[in-house]
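Student: Model the structure of this input:
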Amino acid sequence: MTDPPVDRTHGRRVLFLEPWLGGSHRSLSDAWTSRSRHHVEVRGLAPRHWRWRQEASGWELARLVAGEAPPDVLVVSDFVDLPRLLGFLQAEWAGVPTIAYFHENQLTYRPSDARAAVPEDAHAAFANVLTAVRADHVVLNSSFHRDDLADAGDRYLRTLPRPSPRAEFAAAMKSAHIVPPAPELEAIPLGPGGPDGGALRVLFPHRLEEDKDPSAFARAVESASRCGAHIEVVLTGGEPERARGEALDALALLEAHLVSAGMRDRGEYLELIGTCDVVASTARHEFFGIAVAEAMAAGCAPLLPDRLNYPALVELLPAAEGARALFEDEARLASELVLRAAAPLSDRDPARRATRRAAVMHLDAARCVEALDRIVDEA
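Tutor: Numbering: from 1, shown residues only. Okay, here's the model as predicted:
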């Protein structure tokens, strides 16, 4: 089913400069250009050499638009050092209203940075601060991200000599807009869950890397299994054959439970997550949680740590299911897996799966684009 034509008769000319045109960055820009009532044009760079993109994209993106007339509104993602970009653009661009969309940030990008007063990459972190201060409108992908960034930025700026832009940064965070990264949830088919008569099928949708803590997930599955739970595991993030260190140990624990591991193309991925009963996470670092939202749209029951943005993803579930959706620790995850494995048909009930889907539909791309368009109206 295709979207109806968009009336752009009265739209403004929006230029979206994106130095990382891949992943969730690409998904958001694609959703916006296809649905916006404004004339949104994306100019971007290939998603590689991410540190270089952060350092040099201001100069490189300015080269892309050299000699062009300025747009009505300029949008950049958080990989752009906005003051540096504006310094390379022609003088007539100086008065163009600016919007900065933060998918992530370099103050809390690593779990260790979230606890440290000074981020590991202080130069990139300060570029994020100055971008937020310079932009006319700041947009973040979740309320959790805004609060996390505001706290980390305040702690970091307190360590710097005075004057520092601490007050200006706080004001930018206070006035920031919250718009999810336009996940295409309506396009995801509602799946039936695991096969009839089969074991509880659990999806772990993350990269097998330290910040997603796959070891904790594997230990919980193994613990539930020792209690008699029959569990199948589907891994959709990253490439297991390249796993190292703790990820290898996690894979060894999960080996007897695996029915699928590794990345798939989009169609295969959507079909696969629809065959899962539960989506589980043990992530210690996440700014939004697109993969979890997608799995819920396919009907999966969420089992998520009570941290990060996860409480926001399950807040519209019915009270009884919402109470079971969040866990405090690894032991609680294991015990919930035991309970669900004892009655997997409950998580395959079509009505319950439809309710989970409905709980995340307010995050769908169409609503996100409407919110972004309203910010353009204000710019």
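Student: list the helices and strands the helix or strand that contains Val292 packs on?
Tutor: Using DSSP states H and E, Val292 sits within helix 290-297. Applying 3 or more CB pairs under 8 Å, 6 or more residues apart in numbering; DSSP states H and E, we find helix 290-297 packed against helix 266-273, strand 278-280, strand 301-305, helix 310-313, helix 350-360. C-beta here means a position set from N, CA and C on the backbone, and glycine is covered the same way.
Student: Same question for the helix or strand following the last one: list its buried residues.
Tutor: To tie it back to what came earlier, the one meant is helix 350-360. Next along the chain after helix 350-360, taking DSSP H and E as the criterion, comes helix 365-378. By 16 or more other CB atoms under 10 Å, the buried positions in helix 365-378 come out as 365, 367-369, 372-373, 375-376.
Student: Next: stretch 315-334.
Tutor: Buried, per 16+ other CB under 10 Å, within stretch 315-334: 317, 321, 325-327, 330, 333-334.
Student: Could I get the average pLDDT for it?
Tutor: For stretch 315-334, mean pLDDT is 95.
Student: Other residues contacting it?
Tutor: Stretch 315-334 is contacted by residues 216-217, 219-221, 223-224, 227, 280, 282, 301-306, 310-311, 314, 336, 352, 355-356, 358-360, 362 when judged by CB atoms under 8 Å, 6 or more residues apart in numbering.
Student: got it, and stretch 248-263?
Tutor: With CB under 8 Å, 6+ apart as the test, stretch 248-263 has contacts from 201, 208, 214-215, 217-219, 221-222, 225, 231-241, 243, 269, 272.
Student: Compute the first-to-last residue distance for that stretch.
Tutor: Stretch 248-263 has an end-to-end distance of 17 Å (criterion: CA to CA, to the nearest Å).
Student: follow-up on the earlier one: and the helix holding Val292 with strand 301-305, angle?
Tutor: 150 degrees (axes from the mean of the first three to the mean of the last three CA atoms, to 10 degrees).
Student: what mean pLDDT would you report for helix 290-297?
Tutor: On average, helix 290-297 scores 98.
Student: hmm, back to that, out of the contacts of stretch 315-334, which end up buried?
Tutor: For these, buried by 16+ other CB under 10 Å: 216-217, 219-221, 223-224, 280, 282, 301-305, 310-311, 314, 336, 352, 355-356, 359-360.
Student: So which of the buried residues of stretch 315-334 are in helices?
Tutor: Of the buried residues of stretch 315-334, the ones assigned to helices by DSSP state H are 321, 325, 330, 333-334.
Student: just those residues now: which is nearest Thr108?
Tutor: Closest approach to Thr108 among those (CB to CB): Glu330, at 23.0 Å.
Student: Go through stretch 64-71 and flag the buried ones.
Tutor: 65, 70-71.
Student: got the CA positions of it in PDB?
Tutor: Extracted in PDB, the C-alpha atoms of stretch 64-71 (Å, rounded to 0.1, in the frame of the first residue of the first chain):
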ATOM      1  CA  LEU A  64      28.400  20.100  -1.700                       C
ATOM      2  CA  VAL A  65      26.200  23.200  -1.600                       C
ATOM      3  CA  ALA A  66      28.800  25.800  -2.700                       C
ATOM      4  CA  GLY A  67      27.200  28.400  -5.000                       C
ATOM      5  CA  GLU A  68      23.700  27.300  -4.200                       C
ATOM      6  CA  ALA A  69      21.000  29.600  -2.900                       C
ATOM      7  CA  PRO A  70      20.300  29.200   0.800                       C
ATOM      8  CA  PRO A  71      17.100  27.200   1.700                       C
END
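Student: How many neighbouring residues does the closest residue to Pro205 other than its chain neighbours have?
Tutor: Distances taken as CB to CB, 6 or more residues apart in numbering put Ala291 closest to Pro205, at 3.6 Å, once the chain neighbours are dropped. Burial of Ala291 is recorded as 23 neighbouring residues (other CB atoms under 10 Å).
Student: list the contacts for Ala291?
Tutor: Ala291 neighbours (CB under 8 Å, 6+ apart): 205-206, 236-237, 279.
Student: same check, this time on Arg158
Tutor: So Arg158 contacts 117, 164, 166 (CB under 8 Å, 6+ apart).
Student: and what of Ala135?
Tutor: So Ala135 contacts 76, 82, 98-100, 172 (CB under 8 Å, 6+ apart).
Student: what's the burial count for Gly262?
Tutor: Number of residues near Gly262 (other CB under 10 Å) recorded here: 11.
Student: Looking at the contacts of stretch 248-263, which are in strands?
Tutor: Among those, the members falling in strands (DSSP state E) are 201, 231-235.
Student: Output those residues as JSON lines; include the columns neighbour count.
Tutor: As requested, the ones in strands among the contacts of stretch 248-263 are arranged in JSON lines below (neighbours: other CB atoms under 10 Å):
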{"residue": "Arg201", "neighbour count": "25"}
{"residue": "Ile231", "neighbour count": "23"}
{"residue": "Glu232", "neighbour count": "23"}
{"residue": "Val233", "neighbour count": "24"}
{"residue": "Val234", "neighbour count": "22"}
{"residue": "Leu235", "neighbour count": "25"}
